[in-house]
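Undergrad: Just need the structure, nothing else, for what follows:
(one chain, ligands or ions: 1)
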Amino acid sequence: MTGRRELYLQEMGLMPVWRARGTPAGAADRGDAGAMDWAELKATVAGCTSCDLHKSRTRTVFGVGDENADWLFIGEAPGADEDAQGEPFVGQAGKLLDNMLKSIGLKRGDNVYITNVVKSRPPNNRNPLPDEIAACFPYLQRQIELIQPKLIVTLGKVASETLLGREATISSLRGKVHAYQGIPLIATYHPAYLLRTLQDKAKAWEDLCLAKRTMQDICSKDSATL
Ligand code: URA
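TA: Next comes the predicted model:
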């Protein structure tokens, strides 16, 4: 984390920032993705056969939105609707995600980028396996480098654990500002989980409010230093 960002977070009363203890899956072996531009990265993901998920997918699901967004939302993996349409979060969980975005004044594609840890659908919507996450992680790393978001919101356990590089429950992660490679990161529940667990929607709302406040503070500090 840069000193300036740390200072902001301290002033915002959001310190300590909770850092990853381990290395995110796949971080050690980035292959060629680390030097790719958007076009190369998209083409490489579209043709990727690095794990067995390529055998059962219809198409890869790269990500959607503003490639210079301040906000980056990261889910787990495409489901059936996303596999059919090639866009993340277009099914029922996606409708809820759009409403969650709306509740804090955001809109898909408007200063917001949405993607997943894994770009191909796992069969029967099972969780992605560690080797599948490791194979795909360099693509997500490169997306983050190209977007340079001001804030990352991880949706659910798979995305949160992957970015933070350690096992944890969402209930233990939420309510704090973590960091991925110096970028503030807030973990909240996955929209699909919230569709099944209505009582946790209020907590997700609190997480979104924390995210909004964190972004406002980052932006006001950024403009104060201009
Ligand atoms: N769940 C996810 O994690 N991502 C999607 O794109 C859709 C459902």
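Undergrad: Need the per-residue pLDDT for Gly65.
TA: Here, the pLDDT recorded for Gly65 equals 98.
Undergrad: Provide a list of residues in contact with it.
TA: Arg108, Gly109, Val112, Tyr113, Ile114 (CB atoms under 8 Å, 6 or more residues apart in numbering). Where C-beta positions appear, they are placed from N, C-alpha and C, glycine not excepted.
Undergrad: Could you give me the buried positions within stretch 43-55?
TA: Thr44, Val45, Cys48, Ser50, Cys51, Leu53 (16 or more other CB atoms under 10 Å).
Undergrad: The ligand versus the last one, what's the distance?
TA: When CB to the nearest ligand atom, to the nearest Å is the yardstick, Leu53 and the ligand sit 14 Å from each other.
Undergrad: How about the contacts made by that residue?
TA: Val118, Ser120, Arg121, Pro122, Pro123, Pro128, Glu132.
Undergrad: What does the first one show for phi and psi?
TA: Geometry field for Val118 lists phi and psi as phi -110, psi 140, criterion degrees, to the nearest 10.
Undergrad: what's around it, how many residues?
TA: Residues within reach of Val118, counting by other CB atoms under 10 Å, total 28.
Undergrad: Point out the residues in this structure that sit beside the ligand.
TA: Taking CB under 6 Å from any ligand atom, the part of the chain that reaches the ligand is made up of Gly75, Glu76, Ala77, Pro78, Gly79, Glu82, Pro88, Phe89, Ala93, Asn116, Ala192.
Undergrad: Just confirm the fifth one contacts Pro88, I think it does.
TA: If I follow you right, that is Gly79. No: using CB atoms under 8 Å, Gly79 is not in contact with Pro88; the gap is 9.4 Å.
Undergrad: more neighbours, these two?
TA: Pro88 (29 against 22).
Undergrad: pretty sure the more buried one contacts Thr115?
TA: Yes: assessed by CB under 8 Å, Pro88 is found in contact with Thr115 at 5.9 Å.
Undergrad: quick one, what contacts Met215?
TA: Asp70, Trp71, Lys150, Leu151.
Undergrad: dump the residue contacts of the closest residue to the first one other than its chain neighbours.
TA: Beyond its immediate neighbours in the sequence, the residue positioned closest to Asp70 (CB to CB, 6 or more residues apart in numbering) is Lys150, lying 4.2 Å away. For Lys150, the residues meeting the contact criterion (CB under 8 Å, 6+ apart) are Asp70, Trp71, Ile183, Pro184, Met215, Ile218, Cys219, Asp222.
Undergrad: and if we set it to 7 Å?
TA: Going by CB atoms under 7 Å, 6 or more residues apart in numbering, Lys150 touches Asp70, Met215, Ile218.
Undergrad: Inside helices: which ones of those?
TA: Using DSSP state H, the subset of these located in helices is Met215, Ile218.
Undergrad: Quick check: beta-bridge partners of Leu155?
TA: Thr188 (DSSP bridges).
Undergrad: isn't it right next to Thr188, touching?
TA: Yes: shown here, Leu155 and Thr188 form a contact pair, counting by CB atoms under 7 Å, at 6.5 Å.
Undergrad: where does this structure have low pLDDT?
TA: Counting by pLDDT under 70, the chain shows low-confidence ranges at 1-31.
Undergrad: All good on my end, thank you.
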